[in-house]
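*Asks:* sequence first, then the predicted structure, then my questions.
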Amino acid sequence: MTYNEHCGQNIDPEATVSRFIQRKFHVQDPELTARHRHGQAGRRAPVDLQSTNIFFIGPRGCGKSTLARAVAEHAGMMIVDTDDLIQDMQGQSIARIVEDQGWEAFREMEHEALLRVCQGTGQSVGTGGGVVLREENRQLLRSHGHVFYLLADAGILRQRLEAQKDASWRPPLSDLDADQEAGKILAQREPLYFQTLHYLLPADRPVQELVQDVLERLGHVQERA
């Protein structure tokens, strides 16, 4: 489904995203929902990336870990993935943790992992899709760095999940098929993503373009080919 189809209107896609978001959610600063145009540097002094963190949030399959890794490489930051951190701390896969202890126990581990991450700076952080379910996590994210939400529609998420299906690593969130699950979970969590974000990025863009957009949003102008 495209943004136009989602909104039920046939209008300019560059203007659609911001208006769509502001219709659905209360947005304190409408500028934060604007679609970033290449070469449009921020109006702020460059952020010291070693004294802050960059967090990427969004549903499973939106590309958070990939983008976090690419940003870390370009910006000289440390790469952190909260799911990987949980697995290292527990010595088990997420699937095994959930199977043995349940989702509630995993959410507690996720909170502890985020607390640990927030003790440091200079990190580009990929988070689990459900990290925003807890209010304290949303507050931690917003107060310990710059939060980028990768906005993707259910169709894109389904395609990506099908391409990398691995239940041994990450268990399904419901008994629904991939298409239905992606749509249902996105609908449930989307308001929480918007409560948490500082900046919005379209997940369907190439990774290298998104890296440049992230850095420009934080005042670091990049030379473009």
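*Replies:* Here it is on my side, so go on.
*Asks:* roughly how far apart are P46 and V132?
*Replies:* Going from P46 to V132 by Cβ to Cβ, to the nearest Å gives 28 Å. Using the backbone N, CA and C atoms, a C-beta is placed for each residue, glycine as well.
*Asks:* equivalent analysis for L200, please.
*Replies:* Counting by Cβ to Cβ - L200 and V132 are separated by 14 Å.
*Asks:* that older thread, the more surrounded of P46 and V132?
*Replies:* V132 (25 against 12; other Cβ atoms under 10 Å).
*Asks:* what's around the residue nearest to that one when sequence neighbours are not counted, how many residues?
*Replies:* Excluding the flanking residues, the one nearest V132 by Cβ to Cβ, 6 or more residues apart in numbering is L192, at 4.1 Å. L192 has 19 neighbours, counted by other Cβ under 10 Å.
*Asks:* repeat for I97
*Replies:* Neighbour tally, I97, other Cβ under 10 Å: 19.
*Asks:* tell me which element it falls in.
*Replies:* helix 94-101 (DSSP states H and E).
*Asks:* could you pull out the strands for the chain?
*Replies:* 53-57, 78-81, 123-126, 146-151, 199-202 (DSSP state E).
*Asks:* for the ones you listed, which one sits closest to A113?
*Replies:* strand 78-81 (9.2 Å; Cβ to Cβ).
*Asks:* CA-only coordinates of that closest one in CSV, if you can.
*Replies:* Output in CSV follows, covering the C-alpha atoms of strand 78-81 (Å, rounded to 0.1, in the frame of the first residue of the first chain):
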residue,chain,number,x,y,z
MET,A,78,30.0,2.5,18.0
ILE,A,79,27.4,0.1,16.6
VAL,A,80,24.9,-1.3,19.1
ASP,A,81,21.9,-3.5,18.6
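*Asks:* got the contact list for that strand?
*Replies:* 65, 68-69, 72-73, 117, 120, 122-127 (Cβ atoms under 8 Å, 6 or more residues apart in numbering).
*Asks:* just the angle between the longest helix seen in the chain and strand 53-57, please?
*Replies:* Criterion DSSP state H: the longest helix present in the chain is helix 178-196. With axes from the mean of the first three to the mean of the last three Cα atoms, to 10 degrees applied, the angle from helix 178-196 to strand 53-57 works out at 140 degrees.
*Asks:* could you give me the average pLDDT of helix 178-196?
*Replies:* Taken as a whole, helix 178-196 carries a mean pLDDT of 82.
*Asks:* check stretch 91-111 too.
*Replies:* 95.
*Asks:* got it, and stretch 120-132?
*Replies:* On average, stretch 120-132 scores 97.
*Asks:* what comes up buried for it?
*Replies:* Buried positions in stretch 120-132, judged by neighbour count with 16 or more other Cβ atoms under 10 Å: 121-132.
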